[in-house]
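**Q** Sequence first, predicted model second:
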Amino acid sequence: MNELKKLTKSDNRLSALEAMHITTLNDVVMHLPYRYEVVEKIWPPDEEGRMVNEGVIVHDATVFFHGKLSRLMVKVMIEDKDYNVTIFNRHFLKPNLRPGRTVTVTGKVKGANITASNIVLKTLAEQSGMTPVYSVKEGITNKVFNQYVAKALTLIQDLDDFIPVDFAMKYQFGDKREALHLVHFPKSHKDAAKGIQRLKYEEFLRFSLTMQYIKMQRGQEVGSAKDFYQHDIDQFIKDLPFTLTADQETTVNAILNDLKQPTMMYRFLQGDVGSGKTVVGAIGLYANYLAGYQGALMAPTEVLARQHFSTLSRFFADTDVNVVLLTGSLSAKEKQAVYEEIATGEADVIVGTHALFQEKVVYNNLGFVITDEQHRFGVEQRKALKNKGENVDFLVMSATPIPRTLALSLYGDMDVSSIHTMPAGRKPIITKFYKGRSMKPFLKQLKDYLAKGGQVYVICPLIEDNEEQDLRSATQIAKAMGDYFKGHYDVALMHSHLKDEEKTQIMNDFNDNKIQILVSTTVIEVGIDVKNANMIVIYDADRFGLSQIHQLRGRIGRGSEQGYCFLLSQSPHKEAIERLSFMENHYDGFEISAYDLKMRGPGEVLGDRQSGLPTFMIGDIYRDFDILERTREDAIEMIQDYYKYEEYTEYIEAVKEKIKTGNEYID
């Protein structure tokens, strides 16, 4: 913080900067505007009441406090008429709002009242160009922060300009100082866009170069070549109760080839809901077993782990493979028995949750690790499991598919496989969106379906009612449906606050058709496979991402029966209605995730920082994909021409140190 004292001697402002996570001059210049205001007069107000105009203050301002929140009110004459102007959390403006002063007001008009989003202590004529708007804390105004940026740019002698000269010339980028000046002090939107593009490129290049460098190093890592007979694998595949799809065959061949190599496997497998990733993983586990190694499959929840255990047990029923389950809900005695099987090598395939990498678990000869729904695991969790063996081959699977080209950039340190084709006999889920929150439009269809012996999922965004959110809760719906169907069908409530044993019991009862209606939160989003349940109702569907809805929809129609999905939402927003209507005619998870990424952004689709995916300060991995892809190609060139770009390896080594201790970019 000492260097920030060159900008301000105010302790309050220093504290405000610290609250903004700004501790260096470099932090100041890299704290970019999130939007720009171009001051243009809007008067009379437009159809939605929005206005921008100058006026003269008539009376002194008054301020009302409610806890830390404030409401400032002042009377302003605009175009010969008095308006009561209200602005929130700007009480510090009060000393400057004296009668007779001319100010510019931006806000919404309703009658003689204006709810202001901004009050500027200047006339319209005094304001020109573009005004950057920053995310700031109380005690620092946008104007003051912009002044700090200007001063910081003069004080920083050596800005970390990362882009190689030949790439800067290729894309006609100026230097970093120039780019920052264009972003913080633009004369036009074109200026700001030019500066931002250069900063995004630099940010993505750092990421892409790190990924490609790690991939190069991984390609040199000595692994354990797995030796097995292809004939045994072919026979295992032949004995499966179904035929592999073309994409499954391609992926299986890639995995088997990886296992045979003396280098370590790092492969990312993505596939649509129900596309058959588990059987692909099972074939890899079988090859690993034939080579004399143990395999492990880690799932994020006990429900999903038990599902995988059941599935793999079926696949390996006619082999000598011993599949065991290790989860947190097992008794101490049961856990100890599994520990001993793992340590002695009696257990060939171990399926479980995070319990797989606990200190007490000692593997006899771990050779292959699979993590399912990998974005739900923290980086350290995945590393801990992989480190349970030496030179372990590693496969991560995800049912939240993204465009392959985007996957190549985001998982640039791994080989990428995608399964698009669905198993034969699967029917597209008939999906209908209904505006409102009543089952009345399809209640008869639901009752007829139940009468024929079917089972239903009902999904809600909340467990309990919340006064601040007008949403249907799982608890409320479960009670209502329980009362409505009492004496006819059994209704159960499932959510994340239940103990693992309770969840398991409920799912077993649902699987055995002792429960006909399962009301739940998104805890059943992945891994549940109940062939008799082919109808799902999703309340307040606008609260979910489309990829999440697609995951939920993937719980049904997993056999040959027709599945039905009903989406309910009373959202008045056009965008929400368009998104949910989109689901009525789209069934491809890759297409849906691409649309969802575009509409909602990567955080909604790919998970947050804990996922191990990058959290970029400036770039957007979908909207700026062309820049991200360009940096991937340039990073490959830099790696291939290692000596030309040798100076950049210092940066990579520094990032690798961060990777060892945290979650900077990749595990």
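**A** Noted; the coordinates are in hand.
**Q** Show the backbone phi and psi for Val456.
**A** Here is the backbone geometry of Val456 (degrees, to the nearest 10): phi -130, psi 140.
**Q** Would you check that it makes contact with Met535?
**A** Yes - with contact defined as C-beta atoms under 8 Å, Val456 counts as touching Met535 (4.6 Å). Where you see a C-beta, it was placed from the backbone N, CA and C, and this is true even at glycine.
**Q** Need the residues touching each of these two.
**A** Leu446, Tyr449 (C-beta atoms under 8 Å, 6 or more residues apart in numbering).
**Q** Poorly predicted segments of the stretch 51-200 of the chain, please.
**A** Scanning the stretch 51-200 of the chain for pLDDT under 70 picks out the ranges 128-129.
**Q** Just the strands from the stretch 551-667 of the chain, written as ranges.
**A** Secondary structure of the stretch 551-667 of the chain, counting by DSSP state E, counting those that start in this stretch: strands at 564-569.
**Q** And for the stretch 51-200 of the chain?
**A** Under the criterion DSSP E, counting those that start in this stretch, strands of the stretch 51-200 of the chain are mapped to 62-66, 69-78, 81-88, 102-110, 113-120, 130-133.
**Q** So which of those is nearest Gly412?
**A** strand 130-133 (32.9 Å; C-beta to C-beta).
**Q** picking up where we left off before, ok, which of the strands of the stretch 51-200 of the chain comes nearest Lys360?
**A** Nearest to Lys360, of all the strands of the stretch 51-200 of the chain, is strand 69-78, at 50.6 Å by C-beta to C-beta.
**Q** Nearest to Gln336, out of the strands of the stretch 51-200 of the chain?
**A** Closest to Gln336 of the strands of the stretch 51-200 of the chain is strand 69-78 (C-beta to C-beta; 55.7 Å).
**Q** What is the closest one packed up against?
**A** Here strand 69-78 touches strand 50-57, strand 62-66, strand 81-88, strand 102-110, going by 3 or more C-beta pairs under 8 Å, 6 or more residues apart in numbering; DSSP states H and E.
**Q** give me that answer again for 10 Å
**A** Helices and strands touching strand 69-78, by 3 or more C-beta pairs under 10 Å, 6 or more residues apart in numbering; DSSP states H and E, are strand 50-57, strand 62-66, strand 81-88, strand 102-110, strand 113-120.
**Q** Dump these to a markdown table, plus mean neighbour count and distance to Ala287.
**A** Output for the helices and strands packed on strand 69-78, formatted as a markdown table (neighbours: other C-beta atoms under 10 Å; distance: least, C-beta to C-beta, whole Å):
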| stretch | mean neighbour count | distance to Ala287 |
| --- | --- | --- |
| strand 50-57 | 19 | 64 |
| strand 62-66 | 11 | 65 |
| strand 81-88 | 17 | 63 |
| strand 102-110 | 19 | 65 |
| strand 113-120 | 19 | 62 |
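**Q** Just send those strands back as JSON lines, with distance to Asn511 too.
**A** What follows is these, written out as JSON lines (distance: least, C-beta to C-beta, whole Å):
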{"stretch": "strand 50-57", "distance to Asn511": "55"}
{"stretch": "strand 62-66", "distance to Asn511": "52"}
{"stretch": "strand 81-88", "distance to Asn511": "52"}
{"stretch": "strand 102-110", "distance to Asn511": "54"}
{"stretch": "strand 113-120", "distance to Asn511": "54"}
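**Q** which residues in the stretch 451-600 of the chain form helices?
**A** 474-484, 500-511, 546-553, 574-582, 589-600 (DSSP state H, counting those that start in this stretch).
**Q** just those helices: most buried one?
**A** Mean neighbour count (mean count of other C-beta atoms under 10 Å) peaks for helix 546-553 among these, with a mean of 24.
**Q** pLDDT of it, averaged?
**A** Helix 546-553 carries an average pLDDT of 86.
**Q** what is the orientation angle of it with strand 564-569?
**A** Interaxial angle, helix 546-553 versus strand 564-569 (axes from the mean of the first three to the mean of the last three C-alpha atoms, to 10 degrees): 140 degrees.
**Q** So which of the helices of the stretch 451-600 of the chain is nearest Asn53?
**A** Among the helices of the stretch 451-600 of the chain, the nearest to Asn53 by C-beta to C-beta is helix 574-582 (28.6 Å).
**Q** If you count contacts, what does that closest one end up packed against?
**A** Helix 574-582 sits against strand 430-435, helix 546-553, strand 564-569, helix 589-600, with contacts defined as 3+ C-beta pairs under 10 Å, 6+ apart.
**Q** Let's have these in CSV, adding distance to Phe485.
**A** Compiled in CSV, the helices and strands packed on helix 574-582 are given as follows (distance: least, C-beta to C-beta, whole Å):
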stretch, distance to Phe485
strand 430-435, 20
helix 546-553, 22
strand 564-569, 17
helix 589-600, 32
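**Q** Any idea which of these gets closest to Gly111?
**A** Of all the helices and strands packed on helix 574-582, the one in closest proximity to Gly111, counting by C-beta to C-beta, is strand 430-435 (31.1 Å).
**Q** Each with direction, which strands does that closest one pair with?
**A** Strand pairing for strand 430-435, determined by DSSP bridges: strand 564-569 (parallel).
**Q** And the partner strand, what's buried?
**A** Using 16 or more other C-beta atoms under 10 Å as the test for burial, strand 564-569 gives Tyr564, Cys565, Phe566, Leu567, Leu568, Ser569.
**Q** got it, and stretch 314-329?
**A** Using 16+ other C-beta under 10 Å as the test for burial, stretch 314-329 gives Phe315, Phe316, Thr319, Val321, Asn322, Val323, Val324, Leu325, Leu326, Thr327, Ser329.
**Q** try stretch 178-193
**A** Neighbour counts over stretch 178-193 (16+ other C-beta under 10 Å) mark Ala179, Leu180, His181, Leu182, Val183, His184, Phe185, Pro186, Asp191, Ala192 as buried.
**Q** coming back round to it: now tabulate the helices of the stretch 451-600 of the chain in a markdown table and tack on distance to Asp46.
**A** Formatted as a markdown table, the helices of the stretch 451-600 of the chain follow (distance: least, C-beta to C-beta, whole Å):
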| stretch | distance to Asp46 |
| --- | --- |
| helix 474-484 | 40 |
| helix 500-511 | 52 |
| helix 546-553 | 32 |
| helix 574-582 | 18 |
| helix 589-600 | 26 |
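**Q** for these, which one sits closest to Thr353?
**A** Nearest to Thr353, of all the helices of the stretch 451-600 of the chain, is helix 500-511, at 8.8 Å by C-beta to C-beta.
**Q** For the residue nearest to Asn387 when sequence neighbours are not counted, the count of nearby residues, please.
**A** Of all residues not flanking Asn387 in the chain, Phe357 sits nearest, at 8.0 Å (C-beta to C-beta, 6 or more residues apart in numbering). The tally of other residues near Phe357 (other C-beta atoms under 10 Å) stands at 21.
**Q** Next one: Phe357 from Gln445, what distance?
**A** Distance of Phe357 to Gln445, computed by C-beta to C-beta, to the nearest Å: 46 Å.
**Q** Which among the helices of the stretch 451-600 of the chain is found nearest to Ser310?
**A** Short answer: helix 500-511, nearest of the helices of the stretch 451-600 of the chain by C-beta to C-beta, at 9.3 Å.
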